[in-house]
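> Kindly generate the corresponding structure for this input.
(one chain, ligands or ions: 1)
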Amino acid sequence: MNNIQTSTLNETIRSRHSVRKYVPNVRIPEAELNEILELAGTAPSSWNLQHWRFLVIQEEENKQRMLPIAYNQQQIVDSSAVIVVLGDTQAGLVADEIYGEALNSGAITQQVYDTLIGNIQRAYASSATIGVEEAIRNGSLAAMQLMLAAKAKGYDTCPIGGFNRDELVKTFQVPDRYVPVMLITLGQAAGPAHGSGRFPIERTVIHETFASSAAE
Ligand SMILES: Cc1cc2nc3c(=O)[nH]c(=O)nc-3n(C[C@H](O)[C@H](O)[C@H](O)COP(=O)(O)O)c2cc1C
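Okay, the predicted model is just below:
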């Protein structure tokens with residue numbers, strides 16, 4: 001265990017708060033933004049299918065189009081960028097891109113490849129809702145990493161679920177295959193976030209089984 005890394009991560013996690021007031025007109029250097037997005041994409045995902053896609057909105061005109069979609073939350077226009085985290089509801093289709101290379105390079109055998117592809121295909125055919133569930137589940141992991149990566153670089157964020165999905169899809173011509181997971185505003189804080197508390201772990205952790213617990 002590396003204590004130096006652990007304490008840095010703890011600090012980043014504990015200092016992240018949802019910031020809703022940003023210094024306007026701050027452009028995040030492209031290299032920094034790309035690094036944040038790349039770090040977000042190191043998140044784990046089912047079968048490494050990497051369900052996330054990031055629609056990055058920085059142009060004033062597009063922020064103005066996003067503003068009513070996000071019910072006029074001012075942070076949309078004041079932040080440096082709005083990242084629309086999308087989830088791939090048909091992520092099973094990229095399985096060959098992920099495992100084909102491993103097969104060709106000899107990293108996995110044909111048998112392992114066939115098993116993996118078969119499992120993925122069966123899982124995606126197993127229910128009508130699995131594609132959306134997987135897209136949101138896995139996309140959310142990347143969203144969280146994005147917020148922490150941004151914080152570690154000195155930027156702040158706010159996750160936003162308050163937006164009109166249909167309008168977003170229509171306005172930004174999001175293909176049917178992708179489901180909006182959340183928006184994330186990203187920028188330079190103009191002031192501290194509101195305070196927010198958390199339940200103590202006694203309220204959120206259930207040991208072993210609910211049977212012997214007072215938790216509901
Ligand atoms: C899925 C999700 C949706 C949220 N939607 C909004 C939103 O639409 N507008 C907003 O200002 N904050 C939104 N928030 C931020 C929460 O209010 C915030 O995370 C919570 O109050 C805890 O505060 P903290 O993030 O500063 O710790 C959302 C957070 C999550 C995770």
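> Give me the distance between the spatially most central residue of the chain and residue 24.
In the chain, the residue lying closest to the centroid (CA atoms, centre = their mean) is residue 143, at 1.8 Å. Spatial separation of residue 143 from residue 24 under the definition CB to CB, to the nearest Å is 24 Å. C-beta: built from backbone N, CA, C; applies to glycine.
> try residue 106
Going from residue 106 to residue 24 by CB to CB gives 53 Å.
> the more surrounded of the two?
The neighbour count for residue 106 versus residue 24, taken as other CB atoms under 10 Å, is higher for residue 24 (14 against 7).
> quick one, phi psi at the more buried one?
The phi and psi values for residue 24, taken as degrees, to the nearest 10, are phi -70, psi 160.
> which residues touch it?
Neighbouring residues of residue 24 by CB atoms under 8 Å, 6 or more residues apart in numbering: 77, 78.
> Per-residue pLDDT of it, please?
The pLDDT attached to residue 24 in the predicted structure is 97.
> what do you get for residue 6?
Residue-level pLDDT assigned to residue 6 equals 69.
> now do the one 5 residues further on
We have a pLDDT of 96 for residue 11.
> For it, identify the helix or strand it belongs to.
Under DSSP states H and E, the secondary-structure element containing residue 11 is helix 3-15.
> Kindly report the same for residue 170.
For residue 170, the element it lies in under DSSP H and E is helix 165-171.
> Give me the next element, helix or strand, following the helix or strand bottoming out on mean pLDDT in the chain.
In the chain, the helix or strand scored least confidently by mean pLDDT, DSSP states H and E is helix 3-15, which has a mean of 84. Using DSSP H and E, the helix or strand that follows helix 3-15 in sequence is helix 30-40.
> Let me know the pLDDT of residue 131.
Reported pLDDT at residue 131 in the predicted model: 98.
> Would you mind getting the angle between the helix or strand hosting it and helix 30-40?
Under DSSP H and E, the secondary-structure element containing residue 131 is helix 130-152. In this structure, helix 130-152 runs at an angle of 130 degrees to helix 30-40, with axes from the mean of the first three to the mean of the last three CA atoms, to 10 degrees as the basis.
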